[in-house]
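Engineer: Sharing a sequence plus its predicted fold:
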Amino acid sequence: QVQLVESGGGLVQPGGSLILSCVGSGFTFSRYAMSWFRQRPGEGRESVAAISSIGGMRNYKDSVKGRFTIYRDDAKNTVYLQMNSLRSEDTAVYYCNANGVDNGREYNYWGQGTQVTVSS
């Protein structure tokens, strides 16, 4: 059974930091590109950061560049999102996503989400 389990969300003041974690199981984690998405109240889900399966190539949403860092530890089947200099507009539910190909078929998995609230 495939699972993605996020943790690390919570309430933080503007300018603060959080580290989100996502542990994957039930699939070959190292062969999947991993991403973090977020969904703000009343809005659609948007990609925030992504890291490739090989070579560690990273992409970021413009508004988080220089503040957020995505990295992965394949030995622990875990992807992280280090979030610094948080702003109120970063308040959202953050979702972990795994995307890859197994036996010629594309798979796309989602976690249940973790709430991040930036407020004083």
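Structural biologist: On my side now, so go ahead.

Engineer: So in this protein, which strand runs the longest?
Structural biologist: With secondary structure taken from DSSP state E, the chain has its longest strand at strand 92-102.

Engineer: mean confidence for it?
Structural biologist: Average pLDDT, strand 92-102: 95.

Engineer: So which elements touch that strand?
Structural biologist: strand 3-7, strand 18-25, strand 33-39, strand 105-110, strand 114-118 (3 or more CB pairs under 8 Å, 6 or more residues apart in numbering; DSSP states H and E). In short, each C-beta sits where N, CA and C put it, glycine included.

Engineer: Please identify which of the ones you listed is closest to Met83.
Structural biologist: With CB to CB as the measure, strand 18-25 is the member of the helices and strands packed on strand 92-102 nearest Met83 (5.0 Å).

Engineer: Can you list the strands that the closest one pairs with?
Structural biologist: Applying DSSP bridges, strand 18-25 is found paired with strand 3-7 (antiparallel), strand 78-83 (antiparallel).

Engineer: Let me know which of the ones you listed is tucked in deepest.
Structural biologist: strand 78-83 (a mean of 22; mean count of other CB atoms under 10 Å).

Engineer: Can you check what angle separates that strand from strand 114-118?
Structural biologist: For strand 78-83 against strand 114-118, the angle by axes from the mean of the first three to the mean of the last three CA atoms, to 10 degrees is 10 degrees.

Engineer: And the contacts of strand 78-83?
Structural biologist: 17-24, 34, 36, 48-49, 51, 64, 67-73, 90, 94, 96, 116 (CB atoms under 8 Å, 6 or more residues apart in numbering).

Engineer: switch to 7 Å and redo it
Structural biologist: Taking CB atoms under 7 Å, 6 or more residues apart in numbering as the criterion, the residues outside strand 78-83 that touch it are 17-23, 34, 36, 49, 51, 67-72, 90, 96.
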